[in-house]
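> Quick check, what structure comes out for this input:
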Amino acid sequence: RMETECNPMELSNNAGFEEDSDYRDFEGTDVKDMRLEAEAVVNDVLFAVSNMFVSKTLPCAEDVAYINVETRERNRYCLELTEAGLRVVAYDFDQTDDRLQTPYHETVYSLLDSLSPAYREVFGNALLQRLEALKKDSQS
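Numbers count the residues shown, from 1 in each chain. Got it, this is the predicted structure:
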């Protein structure tokens, strides 16, 4: 999920924007905060992996965040999230390896699909269950 609900550019045109404390953190920013984006990515797919969390030791910035993921196969990865997408930057938590030249993936789904057959199965089953539930709802 690479989109956010809040477009900071729209907020800056808002009259009374300074007074609204909920938006104070967005003042003057014209790029997404990648830590928030990373949290959203984790929340989207946590159910389909063994462990996943935003790195607390690698630096997060407006343009980059790092996510640690352990697949159901027990493989560990450190992912880099930027505007270009997500890519593996190390084969362990909280690491980066400049020698790794891994491709960027537009979505976390695509990246995990390429790394973890168990993710693919769990995610596919969840999708099927949702479709079955929708089908039942539409028939009642």
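> Off-centre distance for the helix or strand hosting Asn43?
Element membership for Asn43, per DSSP states H and E: helix 34-45. Chain-centre distance of helix 34-45: 4 Å, with CA atoms, centre = their mean, to the nearest Å.
> Okay, strands next: where are they in the protein?
With strands called from DSSP state E, the chain shows them at 51-54, 65-70, 76-82, 85-90.
> got the contact list for the closest residue to Asn68 other than its chain neighbours?
Nearest non-adjacent residue to Asn68, counting by CB to CB, 6 or more residues apart in numbering: Phe93, 4.2 Å away. (C-beta placed from N, C-alpha, C; glycine too.) Phe93 sits next to Ser55, Asn68, Glu70, Arg76, Cys78 when contact means CB atoms under 8 Å, 6 or more residues apart in numbering.
> Out of the strands of the chain, which gets nearest to Leu131?
Closest to Leu131 of the strands of the chain is strand 51-54 (CB to CB; 24.4 Å).
> quick one: buried residues of the closest one?
Neighbour-count burial for strand 51-54, counted by 16 or more other CB atoms under 10 Å, picks out Met52, Val54.
> And for stretch 92-105?
By neighbour count on 16+ other CB under 10 Å, the buried set for stretch 92-105 is Phe93, Gln95, Thr102, His105.
> of the contacts of Phe93, closest to Met34?
Of these, the one sitting nearest to Met34 (CB to CB) turns out to be Ser55, at 11.4 Å.
> In this structure that closest one contacts Tyr77, no?
No: using CB atoms under 8 Å, Ser55 is not in contact with Tyr77, being 11.3 Å away.
> more crowded one of those two?
Just comparing Ser55 and Tyr77: by other CB atoms under 10 Å the higher neighbour count belongs to Tyr77, 24 against 20.
> quick one: contacts for the more buried one?
With contact taken as CB under 8 Å, 6+ apart, Tyr77 is in contact with Asn68, Val69, Glu70, Thr71, Val88, Ala90, Tyr91, Asp92, Leu115.
> please redo it, this time with the cut-off set to 10 Å
Applying CB atoms under 10 Å, 6 or more residues apart in numbering, we find Tyr77 in contact with 49, 52, 67-71, 87-93, 95, 102, 111-112, 115-116.
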